[in-house]
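Chemist: Predicted coordinates and the sequence they were generated for:
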There are 2 protein chains.
Amino acid sequence: MEIEQAYPYLMERAMRRMRQASHHAFAEAGLDITAEQWVVLYIIFEGNGLSQVEITELAFKDAPTVTRIIDNLVKKGLVYRQMGTEDRRKFELYMTKEGREVVEKLLPIVMALRQQGINDVSASDLRILKKVLNRIYTNFDIGE
Amino acid sequence: MEIEQAYPYLMERAMRRMRQASHHAFAEAGLDITAEQWVVLYIIFEGNGLSQVEITELAFKDAPTVTRIIDNLVKKGLVYRQMGTEDRRKFELYMTKEGREVVEKLLPIVMALRQQGINDVSASDLRILKKVLNRIYTNFDIGE
DNA sequence: TTGCAATAGTTAGCAAAGCAATTATTAAAA
DNA sequence: TTTTAATAATTGCTTTGCTAACTATTGCAA
């Protein structure tokens, strides 16, 4: 019954530490970027010209959240919106030069953080972690 | 490099689904309680008379968050604050009758949800999940 | 005993998550 | 073609997380 042993608690706890570590590392690199902004920024970096809906799906966030994160990224001059040529409801998202520079500066930091988290975790344990996380995700599938 | 394969992404995704499922299940039971409120409510249920600092540590949240969650629980009439007898800076937190009723109503739902999440996950995989989550947590220990 | 640091809790400000409702545009149906 | 439904994005509202600043109380030390 002890709440400290329940896996949701352990997940929450690990996630929070991870986010704090990210924020701390980003700040140390002189960059005022949240972990969530990083996710969206990187998606735009990888797939230039994506619409917000596509970003929403890739980032597994909801539309309003993505709108606001992009608002912030635009304010910081890292990305810009361009009205869709075919479908004028859509925006296409592109990186600015500053945005690319930030990604290139952050990428190794993100990689190092990710590695730090699984330091001394065996490859097989990591595989099981991912498998179970995916399983938990599908176990709560909508419509059940 | 695919972000969908990175463990932080999988954790985030699983957590979000879990929270949604909780909220949905609580609402279906006719209870307007968030997952976060449940955590605090249950801690007060288990340890009657705890101070907010103690709750803060047990819930692994920060002080302002706990203050507000307790504010909400008080508004809903589920718990109440009582000024500390020895140390007048502290509050002691206690359940109301309604609070106890809510916990007793929610407890089986929470248990079922927790079980649903790890449906078809072997005991050994679950053990590894917990071990790795703890490892990630300590790998990001402050002061490193 | 006075003065100062530590502790408990709160308030304020910003970012983010979730949900409902709204606008603008496009697609489908009567 | 006109109406209706679906889609893309936004706005508003509430809750939470995090940081910093603040008040009140307690504990310790000069």
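Modeler: Nice, I can see it. Nothing here was measured: the structure is a model prediction, and the numbers come from that model. Residues are numbered from 1 along each chain as shown, chains lettered A, B, ... in the order given.
Chemist: how about residue A:60, what does it touch?
Modeler: The contact partners of residue A:60, taken as C-beta atoms under 8 Å, 6 or more residues apart in numbering or on different chains, are B:9, B:12, B:13, B:16. C-beta: built from backbone N, CA, C; applies to glycine.
Chemist: Hmm, residue A:133 and the third one touching each other?
Modeler: Yes. With contact taken as C-beta atoms under 8 Å, residue B:13 and residue A:133 are classed as touching, separated by 7.5 Å.
Chemist: Compare the contacts of residue A:60 and tell me which is most surrounded.
Modeler: residue B:12 (22 neighbours; other C-beta atoms under 10 Å in any protein chain shown).
Chemist: Tell me which helix or strand that residue sits in.
Modeler: Secondary structure from DSSP states H and E places residue B:12 in helix B:7-28.
Chemist: Now that helix: buried residues?
Modeler: Buried residues in helix B:7-28, counting neighbours by 16 or more other C-beta atoms under 10 Å in any protein chain shown, are found at B:7-15, B:17-19, B:21-22, B:25-26.
Chemist: Same check on stretch A:126-134?
Modeler: Judged by neighbour count (16+ other C-beta under 10 Å), stretch A:126-134 contains these buried residues: A:128, A:129, A:130, A:132, A:133.
Chemist: can I assume the first one sits in a helix?
Modeler: Meaning residue A:128. Yes. The assignment for residue A:128 is a helix, going by DSSP: H, G, I helix; E, B strand; the rest coil.
Chemist: which one is the residue nearest the centre of chain A nearest to, not counting chain neighbours?
Modeler: Nearest residue to the geometric centre of chain A (C-alpha atoms, centre = their mean): residue A:39, 2.6 Å. Distances taken as C-beta to C-beta, 6 or more residues apart in numbering or on different chains put residue A:59 closest to residue A:39, at 5.2 Å, once the chain neighbours are dropped.
Chemist: now do residue A:99
Modeler: Leaving aside its sequence neighbours, residue A:99 sits nearest to residue A:78 (C-beta to C-beta, 6+ apart; 3.6 Å).
Chemist: Residue A:109: which of the buried residues of helix B:7-28 is nearest?
Modeler: residue B:8 (13.5 Å; C-beta to C-beta).
Chemist: Isn't that closest one up against residue A:17?
Modeler: No. Taking contacts as C-beta under 8 Å, residue B:8 lies outside contact range of residue A:17: 11.2 Å.
Chemist: helices or strands next to the helix or strand where residue A:105 lies in the packing?
Modeler: If you go by DSSP H and E, residue A:105 is part of helix A:97-117. Helices and strands touching helix A:97-117, by 3 or more C-beta pairs under 8 Å, 6 or more residues apart in numbering or on different chains; DSSP states H and E, are helix A:7-28, helix A:35-46, helix B:7-28, helix B:123-139.
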